[in-house]
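# Show me the folded form of this:
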Amino acid sequence: MPITVHALPVVLAKDAERTWDDDEGGAPLRCCLRDSRPGERVALVSVAPPGPRGAYVETGPVFLHADGCVGPGSSEYPRDWLPRRQVLRAYDEGGTIIGGELVEAGADHVAAAERLLADPAVAFLHTRNVVHGCYMLTVRRS
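Purely as a prediction, here's the structure:
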């Protein structure tokens, strides 16, 4: 089953109170779905990613480019993030969590997403950082 990943719009960074030049790189940018490179200007903003509703709405910190971004280069799962442990949360059409899966670093994130989305009750997935719980991206059927 083909999947599509969705980034956050960089416009969310326009009013960021915290921006800096990332000297080391490695911040997971949710606007272009890759890690920052040394010297890029990044913003840390609080967002509630689209999809979940009611008690399942979560607001948390994410990194975005501070000065604009062309977005992700493709709709494929980000290569930079495959080495990270991720939680895939499955949501129904009403925005309620109905399941999920822990995907270990280096495991097949795409296969896990396809497996969860094979359930017709699942409308979309959010991936989250295991340690910090931060939203990473949304996955849907293509």
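# Surely residue 109 is in contact with residue 86?
Yes: at 6.3 Å, residue 109 counts as touching residue 86 under the criterion of Cβ atoms under 8 Å. Where you see a C-beta, it was placed from the backbone N, CA and C, and this is true even at glycine.
# where do the contact lists of these two overlap?
Residues touching both residue 109 and residue 86 by Cβ atoms under 8 Å, 6 or more residues apart in numbering: 103, 127.
# confidence score at residue 89?
Note on residue 89: pLDDT of 98.
# Just say helix, strand or coil for it.
Under DSSP: H, G, I helix; E, B strand; the rest coil, residue 89 falls in the strand class.
# and if you look at residue 113?
helix.
# Next, the contact list for it, please.
Counted by Cβ under 8 Å, 6+ apart, residue 113 has contacts 3, 77, 88, 125, 139.
# Swap in 10 Å and give it another go.
By Cβ atoms under 10 Å, 6 or more residues apart in numbering, the contact set of residue 113 is 1, 3, 5, 77, 86, 88, 90, 101, 103, 122, 125, 127, 139-141.
# Of those residues, which belong to strands?
Assigned to strands by DSSP state E, the following of the contacts of residue 113 qualify: 3, 5, 86, 88, 90, 101, 103, 125, 127, 139, 140, 141.
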